[in-house]
Each structure stands twice: as C-alpha cells, then as structure tokens.
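Chemist: need a 3D model of the sequence below.
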Amino acid sequence: MPKKRSFIKRLLRGILYVFSGFVALLLILIIYLLCVAIDYPPKPKDISSEQLQRSEPSPGFYTIKNNWFRKSKSGLYELYVEGEPFERGVINGKLTKELVIRQEDYFTDQIAKMIPSKFYRFFLKYFVAWFNRDLDKNVTEEDKEEIYGISMSASDKYKYIGSNYQRILNYHGAHDIGHALQGLALVGCTSFGTWDARSEDSTMIIGRNFDFYVNDDFARDKIVAFYNPSQGNKFMTVTWGGFIGAVSGMNDKGLSVTINAAKSTVPTGAATPVSLVAREILQYAKNINEAIGIAKKRKMFVSESFLVASAYDKKAVVIEKTPLTMDVYDPDTNFILCANHYQGKVLLRSKENIEQMNNSASLYRYNHLMELLNKNGKNTVQKTINILRDVRGLNNADIGIGNEKTLNQFIAQHSIVFEPQKLKVWVSTSPWQLGQFVCYDLKKVFALRGMKKDQEIIDSSSTIPADSFLQTQTYKNFVKYRSIKQRIDNGEKVDPDSLIINNPQYYNAYVIAGDYSFKQRQFSKALNFYQIALTKVIATKEEEAAVKQKIIKCNKKSGG
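Modeler: Just a heads-up that it's a prediction; the model follows:
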C-alpha cells in the first residue's frame, strides 16, 4: 500500500510538473505575443498639424488649409491632400474621419462573420501580431508617419484588437495576408493595355478590374484620392478610408501602376505590403527603370505582378516579384495582358506558376481577354471598358453570372482605365463596373489646389455611360440570386431551386443549393444539384474536386 501511495504521489508531482511547465510555456508565449504586439509609432519632428480642425464651407464639403474632401454626384468620394507625411496623414484622417471609422466597422464585421467564435478571433489577434512582428521594420518612415497621422482619427472602440496605429498599419497588409493564406481564393484581378498601332489614336490605354471583395459595404465608399506630397510626384489612387497604399494609380509623369495577385507559398512573417511598394513607385518613379529599381529593393512576403505603364517609355511591362525572385516581363509588342499567373522567363516555368495556370481561372481569363482584344480591333477607352464589363466566357459562352472565369465577376471594388500620355483616368461607379465611368484630368485637378468652394471636378464631356446590361432581365435575376444567397448565409430558410432559376448556368448556384439541401438532410436532392454542377464550367480544379467529394458524401448518407 505505501508503495502504491508513493507511486501516486510521484505521478501527481509529475503531472503538476508537466502542467506547470505547460503553463509556464503558455505564459512565455503570451508575454512574447504581447511584446511583439506593442507598437512603436514614429516620432514626427513637427506635430503641430494635430491641432488642425476641418471646416465645412457647405454641407458635405470639408477643407483644412489647401486640402479638401467631398462626395461627387457620381457617388465617388474625392480627396486632395498635400504636405509632409505626418501632416498629410493627420489631415487625411480628419477630412475622412467618418469613412476611416466606417471602413474598419465593415472590415471587422466581415471578420466576425467569417470567424464567429470570439475565442478564435481573440487568438487571431495574437497570431496577426506575431505574423506582423517585423512589419514596421519593412515600412518606410515616411509611410509610417502618414499612417500614424491617419490613425489619430480611427475609432477607439477597437483598442481591444490593438492600438489605433497598430491596427491601421496592419490593415495595409490585409491584402497580402488574405491572398497568402488563401493561396486559395486569389483575388482574380485582370489588367491589360494597348499602344501604338493597337490603339485607335496610337496612345496608351490601360484597363483593370480590381476584384478584391470584403463585402458590399466595404466596396461602397470608394475614394478617388489626389496626393501632392512634399517630396516626389503628384499622383492619384482609388482607395478607401484609412488606407494610404496604392492598388491602382497614376502619377503626374504619366506612369500608372496596378497590382495583380499571383500564386504564393504560405509566408512565415511580414515584409513590405504590396500596396506600399506600388505607392512608392507612383510617388518616386517617372519611368519603368525607376519603378523596377524601387520594386527590386523592397522585400515582399507574397507574390505579385505590377503592371507598370509609362508615358516616358511609351510602353508597359509587368514586374513579377516573389519573396525570393524578381523578373520583368516585356512583351516587346504593342499590347500587354496580365491575369494572375507569371509570363516572364524566370518565373513562367516555376512549380507554383504551373500549378496556378493549370488549376485556377487565371489562364482561362487571360485567353478570353486575348480573344476580346483580337475581336475588337484597334482599342479605345470605350472598348476597354466594354471588355472590363464582359460577363461571358470563351467563344461568348454563357458560363453563369459571377463566374471567376469571366472578366466581370461582380465583385470588383473598382474598375479603372488610364491614358498615361494624356494624364486622364476613368473610374467606375456603382454597381461594380456597370455604372458610369467618370473621367478625371490630372492636370486640371492638381491645378485646383486650394479649392474652397464645392464643385464637380470630373471631365463631364468624357463620361462613359452606364452599361445597358443593367436594364436586362439577366441582371435583375442576378440581383435576386445574390439576395437569396445572402439569406442562406444568414441562416434563413429558402427554396434552393430559386438559386438555379435566377442563375441557371452558374455552377456555384448548384453547389450552394446542394450545400443547403445537404444541411436539410435532403441528400438525394443535394446529390442532384452537385451532379449538375459538374456539367457546368467550374472556375478551379480545387472547386471541382470539392464537388466530387460532396457527391461521395451524399452517396454515403443516402446509402447509394
């Protein structure tokens, strides 16, 4: 008996030892995560701009010194900021305060929908802190000061996630983290350009869809921002509240930049966010060689393509960059295409790129884009917009509205067209790229410095009308389809057949209907939906494999 008691004591001591060791390790981990989560904001030399207050000369029109912010009749917000980095940030934040707060609301609401568990969201906070532990070391002091300035206008209600500065800084890496950890559902952006004999008037025309989707609310409050920094070039970007990076933009030297995600391996830590590299190119490059030099010196943790068009060089190239390698794809002709795979000699045959071309929707979209360019003949701004709005598949096939293989996937945060040699840009208005494309003349806009009276700044004579597709029954049916899909996401009861009725050629309508029926334990009905889905044009090999696995599950459940 004493031996037994002695054994039990040793066992308990061992358990306590192991448990205490586990607790110690856990405490060390938490302390480490808390330490790396602590932010060290920059210390600007001049912080006098913190005292500035915005004026409202007329309802919805705000000014601070020469800076201004307004909402256009087109529905787009417009912003002009100038000065030193911290001052620009502070003024940007004060002028757009409501949008900075709203965009974070939209962003966190979407995260809550994607990750309903508070525990997992709590853990995610520390994961992001650890993942981004070196982020500030890879962001220029200028960008950090500007971000710090904007963060002063952020909401305090999210301090449980991190300080205002830490959160706004981390949001600049959201695109990178999202596309890296999803490697997955890469934002399926498409961009292209023509010049010389390929354009009707021989000048360069660049078009792109930015298919980065958070939710409808996030996409609604677009800002067309015009920057006049104390150093570097003047430039414009299409952005949102609290974001200083560039995903689509052009500077006053006639150099435009757009970014397209490429296949990435899962990274182990943060580097320079892609959008801040693109922003640096806009602000400090006047030609392709200078853009290449900037891209080369920045370390990135995801793979990306930068389509850079230059009025100086009278051509466009794609800078292809991975965390380890960089290449420049020059088509050596009068047009260029870019989807979500690499084309340069260095990266074309890489394992990740071959996988991307074989399994994703990228190559299909690329081929369809080439098909439309060849069909359209000499390109114009209107023809470029028509291509960006295209809802069909190869050979004009109906492959379902919203299919990732189409150029217009109905998820675009914005669509944009540049004429670098004319310093003109067209920006889409809602819904998606189907509304009007309004034109901005950069020379005229930057000449408005110091605007004190609210006025429209678009070049109304160059407006491209809304797409007639908006008036079709097909579009109205798609709106119904999205509404039904949203009701399913909200946990409501619906008739799954209504999804099919409103988008009959879209494979995902059948997949969603199948998933809904499966949850209702209607396995035979679900099986039928999945089987029909396999007869449609499915966007990716991964999705096709997932449907086949669902069919196997249905057969097991129904005893087939």
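Chemist: what is the helix or strand Ser191 falls within packed up against?
Modeler: Using DSSP states H and E, the element containing Ser191 is strand 190-194. If you count contacts as 3 or more CB pairs under 8 Å, 6 or more residues apart in numbering; DSSP states H and E, strand 190-194 packs onto strand 205-210, strand 255-261, strand 304-310, strand 335-338, helix 362-376, helix 381-388. Heads up, the C-betas are built off the backbone N, CA and C, glycines and all.
Chemist: and Asp497, how many neighbours does it have?
Modeler: 12 (other CB atoms under 10 Å).
Chemist: residues touching it, list them.
Modeler: By CB atoms under 8 Å, 6 or more residues apart in numbering, the contact set of Asp497 is Ala513.
Chemist: all strands of the stretch 1-150 of the chain, in order?
Modeler: 55-58, 61-64, 67-71, 77-83 (DSSP state E, counting those that start in this stretch).
Chemist: any low-confidence regions in the stretch 101-250 of the chain?
Modeler: Counting by pLDDT under 70, the stretch 101-250 of the chain contains low-confidence residues at 114-115, 119-133, 175, 177-187.
Chemist: quick one on the thing from earlier: dump the helices and strands packed on strand 190-194 to CSV, plus mean neighbour count and distance to Val139.
Modeler: Converted to CSV, these look like this (neighbours: other CB atoms under 10 Å; distance: least, CB to CB, whole Å):
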stretch, mean neighbour count, distance to Val139
strand 205-210, 27, 22
strand 255-261, 28, 17
strand 304-310, 26, 16
strand 335-338, 23, 26
helix 362-376, 18, 29
helix 381-388, 21, 32
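Chemist: any chance of a markdown table for those, columns distance to Leu169?
Modeler: Formatted as a markdown table, these follow (distance: least, CB to CB, whole Å):
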| stretch | distance to Leu169 |
| --- | --- |
| strand 205-210 | 22 |
| strand 255-261 | 19 |
| strand 304-310 | 19 |
| strand 335-338 | 28 |
| helix 362-376 | 30 |
| helix 381-388 | 32 |
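Chemist: ok, and what's touching the strand holding Ser191?
Modeler: For strand 190-194, using CB under 8 Å, 6+ apart, the contacting residues are 204-209, 211, 258, 260, 307, 309, 316, 334-339, 365-366, 369, 373, 379, 384, 387-388, 407.
Chemist: cool, stretch 290-301 as well?
Modeler: Taking CB under 8 Å, 6+ apart as the rule, stretch 290-301 contacts 138, 176, 180, 255, 257, 267, 269-272, 274, 277, 280-281, 284-285, 306, 308, 310, 319, 321-323, 326, 328.
Chemist: in PyMOL, select just the buried ones from those.
Modeler: Typed into PyMOL, the line below selects the buried ones among these, using 16 or more other CB atoms under 10 Å:
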select buried, resi 138+176+180+255+257+267+270+271+272+274+277+280+281+284+285+306+308+310+319+321+322+323+326+328
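Chemist: inside strands: which ones of the contacts of stretch 290-301?
Modeler: Leu255, Val257, Phe306, Val308, Ser310, Ile319, Lys321, Met326, Val328 (DSSP state E).
Chemist: how about these in JSON lines, adding pLDDT and distance to Ile294?
Modeler: As requested, the ones in strands among the contacts of stretch 290-301 are exported to JSON lines (pLDDT from 0 to 100; distance: CB to CB, whole Å):
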{"residue": "Leu255", "pLDDT": "98", "distance to Ile294": "11"}
{"residue": "Val257", "pLDDT": "98", "distance to Ile294": "10"}
{"residue": "Phe306", "pLDDT": "97", "distance to Ile294": "10"}
{"residue": "Val308", "pLDDT": "98", "distance to Ile294": "10"}
{"residue": "Ser310", "pLDDT": "98", "distance to Ile294": "13"}
{"residue": "Ile319", "pLDDT": "98", "distance to Ile294": "9"}
{"residue": "Lys321", "pLDDT": "94", "distance to Ile294": "11"}
{"residue": "Met326", "pLDDT": "96", "distance to Ile294": "11"}
{"residue": "Val328", "pLDDT": "97", "distance to Ile294": "13"}
